[in-house]
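Asker: my questions concern the predicted model and sequence given below.
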Amino acid sequence: MKSLARAAFWIAAIALGAAAFGGIATARGEPINAGWLIAAAVCVYAIGNRVYGAWVATRVLLVDGRRPTPAVRIDDGRDFVPTNRWVVFGHHFAAIAGPGPLVGPTLAAQFGYLPGTLWILIGAVLGGCIQDMVILFCSTRRDGRSLGQMARDELGPVGGGAALVGTLMILVILISVLGLVIVNAMKHSPWATATVAATIPIAVLVGVYMRSIRPGRVLEGSAIGVALLLLAVWGGGWVDHHPLLRTWFDHGPLPIAYAIMVYGFLAAVLPVWLLLAPRDYLSTFMKLGTVALLAVAIIWLNPVLHMPALTQFVDGSGPIFAGKVFPFVFITIACGAISGFHALVSSGTTPKLLTDERDIHMIGYGSMLLESFVALMALIAACVLEPGVFFAINTAPGVVGEGAQAVATISSWGFPVALDQMQALAREMGEATLFGRTGGAPSLAVGMASIFGSAFGQGLLAVWYHFAIMFEAIFILTTLDAGTRVGRFMLQDFLGNFVPALGRTSWYPSVLLCSALVVGAWGYFLYIGVIDPAGGVNILWPLFGISNQILAAIALCVGTAILVKTGRERYFWVTGLPLAWLTAVTSTAAWHKVMSDDPRLGFFAGANDLAMKLAGGLLPPEKAAVAPQLIFNQRLDGWLTVLFVALLWLILADTGRVCLRHLRRSRQAASAAMPARGQA
């Protein structure tokens, strides 16, 4: 009977998923309810995890719970620490779930809801989850080695060296964008700044409580931390209304950027149990609780998606970012479907915390499924807004102008919006203005607040809005701190080849030096985005997306090479097919960003256009003051894109060489081992 019930359950899940998926893909010219997206996602995730994920873990990777993990064997109390599986799940999910699943789908909504939805569901199950699980397994079997170090070990000095350098450079770009999204969400918002600042001492308190005051009392520490986080949201509102205290937390973008750099440095040098692990663990409660609450509200309200399935901007004329739906919807969504950054966490902090190999499926595959669900929630929250409001929030003043000029421009696109409407919305959210709040985070917070307000009370819109801002900032900061720490590990691995002492992750002079170098590198690009009059998104987000997907391709190269070299070459397609797709997408996107003569699309075209306007005296004074820096930055972005793609193809070629050489040797060894003809 149990088998029959189980079969009936999965048949029903397949039927519901197919119906929901088909309805989403074929609906045209009529509104669709968000509930269909939720139904499709839940069914696809359940089937993917139960069938494909479990098969890869048990048949392809051959996970073995009897093998001691690096955390158990090394256990140095600083980086290698055997940790409860749910705490590890929380840390891993919090570390990988950064701006991509929140900001990427929100920005990609300029194409409509359909392209993003299809890619989020398909890309995660067949690509993102597989990459995360495979790299986590490989790193766990290799003493928690970083992705770059594994690449050098498996591919040799050429491909491995290119992967190590490319991975570290790409990581710098990724972290800088994390910081930029936070800055754009918190600038001149005392409520948001005070709330997010309070989460740091709360995390330290919980870390000390669970390690020293009440060791092993995970539930107690969790309850205290969650209660304090909710109190921080209320406290932020109190600070915002206090005439003196609000001035302490009312800062422009540059001071917030500097504060984020300081935080990143501290998170990289402090023991993992003191700040990073408890902060990530606590933020997971907030993330999971918020996502679950949002899903319940969406199912209850079943709101209509006001954004059409496809907009006119699929042709590349979008105001938020330039580029056609292919390949830029894949580049923009990034972490919501597959993310190279995840491979850094899967080969960074997480394998140093695992106590049992059998948890790799739950943590690697399951965390990515959960992040994909977050991405879908973000897409829904963006698409339930009126399109005019969505574009008014996300489009920079340099593109549409300000105030009345902005609403006139946006309305001319066929998405009507009124100045009074935007002013009233800003008052309801407790903000001075919502025009030009680029980066995706503010519009996502407005969408979430609208859904929560409709479900649980319109009178608390300002509280819901700032709760959503805290939710987003926590999401992103946990990725920023884990990414900085992973960058420190990678840099120590690299420098250890020249000065062995620098390669010791527990030697504090090396910890301080490498952390400062990593923070200084991503801090520069964060500064670039902050001073950009267009909000920094046009400059950094396309580079973020391309570099992130290239990093995923590098990770899949490593995974493919390891599968072949460990005798599982018949399963090479598990990582090989996502690798082929990502190579095509990233190479096409890079070609457009480098070779296009459209100033809004091409890095070099944009730099040349700005240089001509500066020389001709056509720029306003405030933009002319930063134009030389912006010109340099656009050209730097262009050359970085060329470098990243060149590294990818070099690594691809070396991966092919290594795999073919291994297969030839295997065939020769098999031939040599065969008995001579006529012998037994």
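Answerer: Yes, it's here.
Asker: element containing the residue nearest to Ala624 when sequence neighbours are not counted?
Answerer: In space, and not counting its chain neighbours, Ala624 is closest to Leu614: 6.1 Å by Cβ to Cβ, 6 or more residues apart in numbering. C-beta coordinates here come from the backbone N, C-alpha and C atoms, glycine included. Under the criterion of DSSP states H and E, Leu614 resides in helix 603-615.
Asker: for Ala625, same thing?
Answerer: helix 621-673.
Asker: now that helix, how far from the centre of its chain.
Answerer: 21 Å (Cα atoms, centre = their mean, to the nearest Å).
Asker: does anything pack onto that helix? Which helices or strands?
Answerer: For helix 621-673, the elements it packs on are helix 147-155, helix 157-186, helix 508-531, helix 537-565, helix 573-595, helix 603-615, judged by 3 or more Cβ pairs under 8 Å, 6 or more residues apart in numbering; DSSP states H and E.
Asker: and the longest one with helix 621-673, angle?
Answerer: It stands for helix 157-186. Angle between the axes of helix 157-186 and helix 621-673 is 140 degrees (criterion: axes from the mean of the first three to the mean of the last three Cα atoms, to 10 degrees).
Asker: what angle separates helix 157-186 from helix 147-155?
Answerer: Using the same axes, to 10 degrees: helix 157-186 against helix 147-155 is 160 degrees.
Asker: got the buried residues for the helix or strand that helix 157-186 is followed by?
Answerer: Later in the chain than helix 157-186, the nearest helix or strand by DSSP H and E is helix 190-208. By 16 or more other Cβ atoms under 10 Å, the buried positions in helix 190-208 come out as 190-200, 202-203, 205-207.
Asker: what's the offset of helix 190-208 from the middle of its chain?
Answerer: 22 Å.
Asker: same question, stretch 519-534
Answerer: 18 Å.
Asker: in it, which residues are buried?
Answerer: For stretch 519-534, by 16+ other Cβ under 10 Å, it's 519, 521-523, 525-530, 532-534.
Asker: to Thr478, which of the helices and strands packed on helix 621-673 lies closest?
Answerer: helix 157-186 (9.7 Å; Cβ to Cβ).
Asker: buried ones in the closest one, by neighbour count?
Answerer: Taking 16+ other Cβ under 10 Å as the criterion, helix 157-186 shows 159-164, 166-186 as buried.
Asker: stretch 624-644 too?
Answerer: Buried, per 16+ other Cβ under 10 Å, within stretch 624-644: 627, 630-631, 633-638, 640-641, 644.
Asker: contacts for that stretch?
Answerer: For stretch 624-644, the external contacting residues (Cβ atoms under 8 Å, 6 or more residues apart in numbering) are 166, 169-170, 173, 528, 531-533, 539-540, 543, 546-547, 550, 590, 593-594, 602-604, 606-607, 610-611, 613-614, 619.
Asker: what of stretch 580-599?
Answerer: Against stretch 580-599 from outside (Cβ under 8 Å, 6+ apart): 127, 316, 322-323, 326-328, 330-331, 338, 542-543, 545-546, 549-550, 552-553, 556, 601-606, 608-610, 637-638, 641-642, 644-645, 648-649, 652.
Asker: compute the first-to-last residue distance for stretch 311-325.
Answerer: Using Cα to Cα, to the nearest Å, one end of stretch 311-325 lies 10 Å from the other.
Asker: show the average pLDDT along that stretch.
Answerer: Stretch 311-325 carries an average pLDDT of 89.
Asker: next one: stretch 389-406
Answerer: Rounded mean pLDDT across stretch 389-406 is 82.
Asker: can I take it that Leu601 is in a helix?
Answerer: No: according to DSSP: H, G, I helix; E, B strand; the rest coil, the state of Leu601 is coil, so it is not within a helix.
Asker: and it, its phi and psi?
Answerer: Main-chain torsions, Leu601, degrees, to the nearest 10: phi -110, psi -50.
Asker: which residues touch Asp315?
Answerer: Lys324 are the contacts of Asp315 under Cβ under 8 Å, 6+ apart.
Asker: any idea how far it is from Leu379?
Answerer: Asp315 is 21 Å from Leu379, where distance means Cβ to Cβ, to the nearest Å.
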